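**Student:** got a predicted structure plus its sequence, pasted below:
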Amino acid sequence: MDPSPLAMYPSNSVNPVHITPPGTRRRTRPLSIAELAKEVSRDLWDENKDFKHYLRVIEKYRWEGKECAKQGDLEHAFVQFARAATLALEKLPLHRDYHRMLNEDQRHNLSLVGPFNGQDILYNLMDLKPTLVERYDKWLQEHPDGADNEQPIYLSRPASISELAKEAMGDLWDENKGFKHYLRVAEKYRREGKECAKRGDLEGAFVQLARAATLALEKLPLHRDYYGVLNESQRYNLSLVDNLSDLKPALVERYDKWLQKHPDEIDHELTSNTRTQKIANDVPGRTSEEHAHHQEREQAQLMHEQHEGVQSQDSVFRPLVLDNGHPEPWYLADEPFSDTYSLASSRTETTDYGNYARRMAFSQETSFSELPELQDEGYLNWPWSR
């Protein structure tokens, strides 16, 4: 796996409408598999292009899919992997030079998406899809009329830390409401942030955890009932809610990579290197000394991960997840604690991908624990659904 990260949005994107215009907010709902499928087929194939050109494009899409997934952008990862698979399995076998350029063994390898160590393309599609389906289904349950009422949306650029901070600083506080009400609200935001992180939605996790941190570290200590409701241990636990330092590096890196590829898409005055660094450190509830402490902690964590070889895991599906569970709510724990996040490990060691894998990657099914007997050879007609 290539160690150097690639920009979030592929350089070969030919339709700039898929990036939200400068100054506009990114979309706020996840995409369905059907919407991602439309993105897969957009400007994918020109039969007049050279056969070797598409061999290179397949590898490019595969690599970009891996990099997007490592950065937590699961939707773009799915699109890039699906583009690679569609070219290798559907388009290239129909190219006029298919039999002339590839011998029998090479054609067999291509049918497995295999000249590029490539069974992992289908594996990665299978690994990503359940999370994307779950994310969209959960949103649909919470917004049953949203899918019909929303305007068409497109894959958008990543959000900057300043945009996420603005989203987090909504109507959080009413001093007339009770202390215990805001304890419950802070716990709700913290729990939702953890769930977002488990699903790979790092932006949503940052927003919810920032809200929890703002309440726990800035607002609640000023409430008139702060000392009357919580004992000393609980007040200390309350101060340990902040997980933003674990999420921030991935979000900053994602946005910086996009900015390198699209330097003219945003207001330069607000995103100079100095301003970007200042925004990245403007986390609610921290002093300048705490910023320095957390920067040192982030650097130590990165060095530890490199030493332990965390980035060499086989699976590219590695959203941040909670290492150890703790009692709910966190501020009532018997012993003080601080949540930490790390990279999730691979979920499967399956090596038989074939037609079943292709079917599973693009169907409504989301369980990959058992592989049935392979019966269908019709890989050119994939049932895109949802």
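**Tutor:** Good, I have the coordinates.
**Student:** going by neighbour count, list what's buried in the helix or strand containing Gly193.
**Tutor:** If you go by DSSP states H and E, Gly193 is part of helix 179-198. With burial defined by 16 or more other CB atoms under 10 Å, the residues of helix 179-198 counted as buried are 182-183, 185-187, 189-190, 192-194, 196-198. For the C-beta atoms, the positions are set from N, CA and C on the backbone; glycine is no exception.
**Student:** closest to Leu128 among those residues?
**Tutor:** For the buried residues of helix 179-198, the residue nearest Leu128 by CB to CB is Lys198; the value is 14.3 Å.
**Student:** how far away is the closest one from Glu75?
**Tutor:** Remark: distance between Lys198 and Glu75 (CB to CB, to the nearest Å) = 16 Å.
**Student:** again with Ala197
**Tutor:** 16 Å.
**Student:** count of residues packed around the residue nearest to Gly65 when sequence neighbours are not counted?
**Tutor:** Closest residue to Gly65 apart from its sequence neighbours, by CB to CB, 6 or more residues apart in numbering: Gln80 at 3.6 Å. For Gln80, the count of nearby residues is 27 (other CB atoms under 10 Å).
**Student:** so which elements touch the helix or strand containing Gln80?
**Tutor:** If you go by DSSP H and E, Gln80 is part of helix 74-86. Counting contacts by 3 or more CB pairs under 8 Å, 6 or more residues apart in numbering; DSSP states H and E, helix 74-86 packs against helix 33-41, helix 51-70, helix 119-142, helix 354-362.
**Student:** out of these, nearest to Ala84?
**Tutor:** helix 51-70 (3.9 Å).
**Student:** any buried residues in the closest one, and which?
**Tutor:** Within helix 51-70, the residues that qualify as buried by neighbour count (16+ other CB under 10 Å) are 54-55, 57-70.
**Student:** and that helix with helix 33-41, angle?
**Tutor:** Angle between the axes of helix 51-70 and helix 33-41 is 140 degrees (criterion: axes from the mean of the first three to the mean of the last three CA atoms, to 10 degrees).
**Student:** helices and strands around helix 51-70, which ones?
**Tutor:** Packed next to helix 51-70, using 3+ CB pairs under 8 Å, 6+ apart, are helix 74-86, helix 98-101, helix 119-142.
**Student:** burial-wise, tell me which of these comes out on top.
**Tutor:** Highest mean neighbour count of the helices and strands packed on helix 51-70: helix 74-86, a mean of 26 (counted as mean count of other CB atoms under 10 Å).
**Student:** angle of that helix against helix 51-70?
**Tutor:** Going by the same axes, to 10 degrees, helix 74-86 makes 150 degrees with helix 51-70.
**Student:** helix 74-86 to helix 119-142, inter-axis angle?
**Tutor:** Using the same axes, to 10 degrees, helix 74-86 lies at 140 degrees relative to helix 119-142.
**Student:** ok, Arg211 touching Lys166?
**Tutor:** No. At 12.0 Å, Arg211 does not count as touching Lys166 under the criterion of CB atoms under 8 Å.
**Student:** between these two, which is the more surrounded one?
**Tutor:** Taking other CB under 10 Å, Arg211 and Lys166 do not tie; Arg211 has more neighbours (23 against 13).
**Student:** once you drop chain neighbours, what's closest to that one?
**Tutor:** Among residues not flanking Arg211 along the chain, Tyr189 sits closest, at 4.3 Å (CB to CB, 6+ apart).
**Student:** so who does that neighbour touch?
**Tutor:** Neighbour list for Tyr189: 208-209, 211-212, 215 [criterion: CB atoms under 8 Å, 6 or more residues apart in numbering].
**Student:** mind checking how far it is from Tyr61?
**Tutor:** To Tyr61, Tyr189 is 37 Å away according to CB to CB.
**Student:** for the contacts of Tyr189, which one is nearest Pro144?
**Tutor:** So of the contacts of Tyr189, ranked by how close each gets to Pro144 (CB to CB), first place is Gln208, at 21.7 Å.
**Student:** what angle do the helix or strand containing the closest one and helix 119-142 make?
**Tutor:** Assigned by DSSP H and E, Gln208 belongs to helix 202-213. Put simply, helix 202-213 runs at 50 degrees to helix 119-142, going by the same axes, to 10 degrees.
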